[in-house]
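Participant: Here's a sequence, model it:
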Amino acid sequence: MAGVASADAIVVAAGSSARMGGADKLLISIDGRPLLGHTIAALASAPEVASIVVVTTADRRRVLEAGPWLPSDRAV
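Facilitator: Next up is the predicted model:
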């Protein structure tokens, strides 16, 4: 039986959310977790995804790194 194919996921999250009226759409809470948290969790649960890279600004990176919703088994 062949192994599971491996891929890396890139999440582009460097925008200013201008079309959202300035609200940070990545951190908008849906069911108690930020939208970006749902995205990362879905990618992390896929056996084909070997690593997840989030492209963002330096300021936003500090906020995201502090997120308690990040998967504990993934490096930031």
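
Participant: Isn't residue 4 up against residue 46?
Facilitator: No. Between residue 4 and residue 46 there is no contact under C-beta atoms under 8 Å: 9.5 Å. Any C-beta I mention is one placed from the backbone N, CA and C, and that applies to glycine too.

Participant: Any stretches of the chain with poor pLDDT?
Facilitator: 1-2, 72-76 (pLDDT under 70).

Participant: the helices in this protein, which residues?
Facilitator: Secondary structure of the chain by DSSP state H: the helices cover 35-45, 58-65.

Participant: tell me which residues in the shortest one are buried?
Facilitator: By neighbour count with 16 or more other C-beta atoms under 10 Å, helix 58-65 contains the buried residues 60, 64.

Participant: what inclination does it have with respect to helix 35-45?
Facilitator: 60 degrees (axes from the mean of the first three to the mean of the last three C-alpha atoms, to 10 degrees).

Participant: Need the contact partners of helix 58-65.
Facilitator: Surrounding helix 58-65, the residues in contact under the criterion C-beta atoms under 8 Å, 6 or more residues apart in numbering are 13, 14, 24, 26, 27, 36, 54, 56, 70, 76.

Participant: middle-most residue in this structure, spatially?
Facilitator: Among the residues of the chain, the one closest to the centroid is residue 40, at 3.9 Å (C-alpha atoms, centre = their mean).

Participant: List the residues that contact that one.
Facilitator: With C-beta under 8 Å, 6+ apart as the criterion, the residues that contact residue 40 are 11, 52, 54, 69, 70, 71, 74.

Participant: Let me have these in CSV, adding neighbour count as columns.
Facilitator: Formatted as CSV, the entries for the contacts of residue 40 read as follows, by neighbours: other C-beta atoms under 10 Å:
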residue, neighbour count
11, 15
52, 18
54, 21
69, 14
70, 19
71, 14
74, 11
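
Participant: Inside strands: which ones of those residues?
Facilitator: With strands identified by DSSP state E, the entries of the contacts of residue 40 that belong to them are 11, 52, 54.

Participant: Give me the buried subset of the contacts of helix 58-65.
Facilitator: If we count by 16+ other C-beta under 10 Å, the contacts of helix 58-65 have these buried: 13, 24, 26, 27, 36, 54, 56, 70.

Participant: Okay, and which of the contacts of helix 58-65 map to strands?
Facilitator: The members of these that map onto strands under DSSP E are residue 54.
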